[in-house]
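>>> Need coordinates for the below:
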Amino acid sequence: MKVEEKGLAKRDSLKKIMMKTEVSIMFIIGILFIFASLGTQNFLTSYNLTNILKQCAIIGVISIAQTCIIITGGIDISCGAIVGFSTLMVAMGQARWGMGIVPSIFVAVVTGVIWGGVNAALIHEFKVPAFVATLGTQTIIRGLIKVISNGGTVSGIAPQFADFASSNILFIPKLAFVWGTISVLVFLLLRYTIFGRNLFVLGSGVEVARLNGISIRKTTYAAYAFAGLLYGIAGVMLAARINSAIPTAGEAYETNAIAASVLGGASLAGGLGSIAGTALGTVLIILIDNVGTQFGIHSFVMQVITGCVIVVAIVADQLKKHPIGFMNHLKKTKRTIT
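The predicted structure follows:
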């Protein structure tokens, strides 16, 4: 009996490990990696692997910011637009306004924080739902980008600034080091600071936060301003990578960021989120797209696949929150059919 009990205990512990989001994502990433390595010639080339890391770095920073917002129970549809605006500020600063590299980066990051503050004001002061508020600012920002750039590409970025994105340290892109550093810092911030605790408590419910003595106003502004800071940094990274600013910079980034966050275990209801899970979710999203490209799958088809992945992640999130209710619903449906 003791041997049987030990065997059951081992199986239960294995199930618990496999049920963890991070482990599940790592397993899927491993399968995709092996599949692409054996099925294509170019997947394992240094150029392709470096390109994957560069893509992960920019989307990864945006996804971290999105996770912080989702933890509070909010969502930010404007993230891609803010990234695009920050990219434009860097390019305009260096190419048109005679700024040096550091001042142009400062302007880009500050504008990101300001847009984050605008989102927070709409959500808290005017009680606009986060989805609607950030969708509105996304539209405004996209329009401003086209007005400021006159709908064209802004080139003339300093060569040494662009060199940062194209250079490596020990075969790893510098952009990836930026992503890694930010991931570690935000992980520590969420885990060991009052700011991080407040985000999770706010995500558990406004009344819960009030009962814990947390200022809803301050926490909301802090969350969206911090997210804006990270968007600004991502915009600087994107400007360095593409060596210019284009009107469409950052488009559809919000989709990838939300997908990476939810895949990584962040709950759209708030109160849950993991930086490690978000990082793995980012890798998975970028890897799916890259593997599809390697196999020659059309970009339109890849959009459908990415959309399906997002839907599955959201459904899984709902099932985790309401498993009993879902099972009861299935039983009722079965009775109705029979």
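>>> how about low-confidence regions in the stretch 51-200 of the chain?
Scanning the stretch 51-200 of the chain for pLDDT under 70 picks out no residues.
>>> Let's see that with 90 instead.
When residues are selected by pLDDT under 90, those of the stretch 51-200 of the chain lie in 170-171.
>>> what ranges do the helices span in it?
Taking DSSP state H, counting those that start in this stretch as the criterion, the stretch 51-200 of the chain contains helices spanning 79-95, 101-124, 130-149, 159-166, 174-192, 194-204.
>>> From the contact counts, what lies against the shortest one?
In terms of contacts (3 or more Cβ pairs under 8 Å, 6 or more residues apart in numbering; DSSP states H and E), helix 159-166 is packed against helix 174-192, helix 216-242. Just so you know, the C-beta spots here come from the backbone N, C-alpha and C atoms, and that holds for glycine as well.
>>> Make JSON lines out of these and add mean neighbour count.
Shown next, in JSON lines, are the helices and strands packed on helix 159-166 (neighbours: other Cβ atoms under 10 Å):
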{"stretch": "helix 174-192", "mean neighbour count": "17"}
{"stretch": "helix 216-242", "mean neighbour count": "24"}
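>>> Tell me which of those lies nearest to Gly270.
Nearest to Gly270 among the helices and strands packed on helix 159-166 is helix 216-242 (11.0 Å), distances taken as Cβ to Cβ.
>>> between the next helix or strand after that closest one and helix 79-95, how many degrees?
Beyond helix 216-242 on the C-terminal side, the first helix or strand identified by DSSP states H and E is helix 253-263. Orientation note: helix 253-263 sits at an angle of 130 degrees relative to helix 79-95 (axes from the mean of the first three to the mean of the last three Cα atoms, to 10 degrees).
>>> Out of the helices and strands packed on helix 159-166, which is closest to Asp163?
Each of these has some distance to Asp163 by Cβ to Cβ; the shortest is helix 216-242, at 8.3 Å.
>>> for that closest one, packing partners?
Counting by 3+ Cβ pairs under 8 Å, 6+ apart, helix 216-242 packs on helix 46-71, helix 79-95, helix 101-124, helix 159-166, helix 174-192, helix 194-204, helix 206-211.
>>> From the centroid of the protein, which residue is nearest?
What sits nearest the mean C-alpha location of the chain, by Cα atoms, centre = their mean, is Ser63, with 1.4 Å.
>>> Sweet, I'm off.
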